[in-house]
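# Give me the fold of what follows.
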Amino acid sequence: MATAGTAEAVPTFFRGCGVVPSPTAEPAAPQRLFGAAVRPDQLTDETPLLAAIRGCGLLVPEYHGQWSAVEWRRGDPWYGNYDAILDFAEKHGQQVRGHSLIWEQMTPDWAREEMTSGKDWKTIERHFATLLPRYSGRIREWIVVNEMIDTEHGDHGFRRTSFQRAYGNDYVRRALETARVLDPQAKLMINDYSLLYDNPVDEARRNKMLRLVESIKASGTPLDMVGIQGHLELRKGRISQPKAARFMTDLAGMGVEVAITELDVLEDDLRRPIGERDRLVADAAQDLLDVVADQKAVGSVVTWGLSDKQSWLQDRLDATKAAQACTPVDCGRMNRGLPFDGEMRPKPMHAALQRTLTMA
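Alright, predicted model coming up:
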């Protein structure tokens, strides 16, 4: 039986970032990949985290593949982050997802100014041409547009961003068409959050995503995948499994693959005993994973990191940010929303992933 860190011995559909399958289990969906968001600096020194990363089937740059990380200065692209992650992945037989070509929060200031002043689509074409042809055949799927929906304060459900202001609500379709021209073989994805809970906001966002996908497909625009960000929050209660399942089924009916893209869990009360906290986190993850297990259209599940020590969720509170910086790490004061704690000890969420991986 393979162990974490011996990825080469584990079939691709069981590659799960330190999650090891039962030796007798049969895969429920052989195409399904499990992976994690990673940072280039995590891929150098031999650590327990590196061993778990080596066991992933799919790697996604956390923030290091965004526009501002690739081309902070106009006309001076730097590929070091993508190259480091790709070199590591190819050495260990892993896939890499490009994340992401368009995302407002990681767009360089020069690009915002150029788009909003000139409204020239060539700004987008030049940016896409920086990455897509270079990695054609190596990066086989790209998140083309990230976080484009806002049903509360947007324009007809589209988030008011530099892209939306410069090019109108049609920019998502145009971005997909541009990406397809520059890399005809890559799978193209759009990705968004707040699509899983039973509340008016999530319901409206689900409906907007379905309408958007429907209109994209009706126009003949290429769209292969839809990403559902799995940022779960305990304060919202349990997700609606029936509505999440219906949403994924509806997407599949439109001919797109579904990906769970950024799975982690934000706790609501750090004063509870650690055992209770870990159980609540695992239960929240299991709710989503149970839906995933029954959805053949879901081709991948990616956790947004592996260890609590590196989780972006620590930045949500001063107390958790301080705990992250402690030496030794104060695992109890951190948000405990990933499969491994700050010292890479597996938690019940890890077991929830294990159950999904080994489900026959």
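
# Helices of the stretch 251-360 of the chain, start to end?
Secondary structure of the stretch 251-360 of the chain by DSSP state H, counting those that start in this stretch: the helices cover 274-293, 318-324, 348-358.

# Looking at those helices, which one is packed in the most?
helix 348-358 (a mean of 21; mean count of other CB atoms under 10 Å). (Glycine included, C-beta is placed from N, CA and C.)

# Next, the angle from that one to helix 274-293.
20 degrees (axes from the mean of the first three to the mean of the last three CA atoms, to 10 degrees).

# circling back to that earlier point, how about JSON lines for the helices of the stretch 251-360 of the chain, with mean pLDDT added?
Below are these laid out as JSON lines (pLDDT from 0 to 100):
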{"stretch": "helix 274-293", "mean pLDDT": "97"}
{"stretch": "helix 318-324", "mean pLDDT": "89"}
{"stretch": "helix 348-358", "mean pLDDT": "88"}
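
# how about CSV for these, with distance to D183 added?
Output for the helices of the stretch 251-360 of the chain, formatted as CSV (distance: least, CB to CB, whole Å):
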stretch, distance to D183
helix 274-293, 28
helix 318-324, 37
helix 348-358, 30
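
# For D109, which of those helices is the nearest?
Of all those, it is helix 318-324 that lies closest to D109, at 25.8 Å by CB to CB.

# which other helices and strands contact that closest one?
With contacts defined as 3 or more CB pairs under 8 Å, 6 or more residues apart in numbering; DSSP states H and E, helix 318-324 has no helix or strand neighbours.

# How far off centre is it?
Relative to its chain's centre, helix 318-324 lies at 24 Å (CA atoms, centre = their mean, to the nearest Å).

# and if you look at stretch 200-209?
19 Å.

# from what I can see S307 touches A51, true?
No. Counting by CB atoms under 8 Å, S307 stays clear of A51, with 11.5 Å between them.

# if you count what's nearby, which of these two comes out ahead?
It is S307, of S307 and A51, that has more neighbours when counted by other CB atoms under 10 Å, with 25 against 17.

# excluding its backbone neighbours, what's nearest that one?
Among residues not flanking S307 along the chain, F340 sits closest, at 4.7 Å (CB to CB, 6 or more residues apart in numbering).

# hang on, the earlier thing: out of the helices of the stretch 251-360 of the chain, which is closest to V201?
Using CB to CB as the measure, helix 274-293 is the one of those that comes nearest V201, at 17.8 Å.

# Quick one: the strands in this protein, in order.
Under the criterion DSSP state E, the chain contains strands at 33-38, 58-61, 95-102, 141-146, 187-192, 225-228, 231-233, 257-266, 298-303.

# Could I get these in a markdown table, plus columns for mean neighbour count and mean pLDDT?
Listed next are the strands of the chain as a markdown table, based on neighbours: other CB atoms under 10 Å; pLDDT from 0 to 100:
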| stretch | mean neighbour count | mean pLDDT |
| --- | --- | --- |
| strand 33-38 | 26 | 96 |
| strand 58-61 | 25 | 98 |
| strand 95-102 | 25 | 98 |
| strand 141-146 | 25 | 98 |
| strand 187-192 | 24 | 98 |
| strand 225-228 | 25 | 98 |
| strand 231-233 | 19 | 98 |
| strand 257-266 | 24 | 98 |
| strand 298-303 | 24 | 96 |
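
# Tabulate those (TSV), appending distance to R112.
Compiled in TSV, the strands of the chain are given as follows (distance: least, CB to CB, whole Å):
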stretch	distance to R112
strand 33-38	25
strand 58-61	21
strand 95-102	12
strand 141-146	16
strand 187-192	20
strand 225-228	24
strand 231-233	25
strand 257-266	24
strand 298-303	28
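
# Could you point out which of these sits nearest D198?
It is, among the strands of the chain and with distance given as CB to CB, strand 231-233, at 13.2 Å.

# quick one on the thing from earlier: nearest to F34 among the helices of the stretch 251-360 of the chain would be which one?
Here helix 348-358 is closest among those (CB to CB), at 6.5 Å.

# Just name whatever secondary elements the closest one is in contact with.
With contacts defined as 3+ CB pairs under 8 Å, 6+ apart, helix 348-358 has these neighbours: helix 274-293, strand 298-303.

# Throw those into CSV and include distance to D109, thanks.
Formatted as CSV, the helices and strands packed on helix 348-358 follow (distance: least, CB to CB, whole Å):
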stretch, distance to D109
helix 274-293, 36
strand 298-303, 29
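
# Indicate which one of those is closest to V226.
The closest of the helices and strands packed on helix 348-358 to V226 is strand 298-303. By CB to CB, the value is 10.3 Å.

# what residue lies at the spatial centre of the chain?
T261 (2.8 Å; CA atoms, centre = their mean).

# In contact with that residue, which residues are there?
By CB atoms under 8 Å, 6 or more residues apart in numbering, the contact set of T261 is V60, I143, N191, G227, I228, Q229, G230, V302.

# Surely the last one touches D264?
Meaning V302. No. At 10.1 Å, V302 does not count as touching D264 under the criterion of CB under 8 Å.

# quick one: low-confidence parts of the chain?
Across the chain, the ranges flagged by pLDDT under 70 are 1-16, 19-31, 359-360.

# try 50
Per-residue confidence for the chain (pLDDT under 50) gives these ranges: 1-14, 21-30, 360.

# right, and the strands of the chain - which one's nearest L131?
Using CB to CB, the nearest of the strands of the chain to L131 is strand 95-102, at 6.9 Å.

# mind exporting stretch 253-264 as CSV, just the C-alpha atoms?
What follows is stretch 253-264 as a C-alpha-only set of coordinates in CSV (Å, rounded to 0.1, in the frame of the first residue of the first chain):
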residue,chain,number,x,y,z
GLY,A,253,-26.8,18.9,-18.3
MET,A,254,-25.4,21.9,-20.1
GLY,A,255,-22.3,19.9,-21.1
VAL,A,256,-19.7,21.2,-18.6
GLU,A,257,-17.5,19.4,-16.2
VAL,A,258,-17.7,20.6,-12.5
ALA,A,259,-14.7,21.2,-10.3
ILE,A,260,-14.6,21.9,-6.5
THR,A,261,-11.8,24.4,-6.6
GLU,A,262,-11.0,25.9,-3.2
LEU,A,263,-12.1,23.7,-0.4
ASP,A,264,-11.5,24.8,3.2
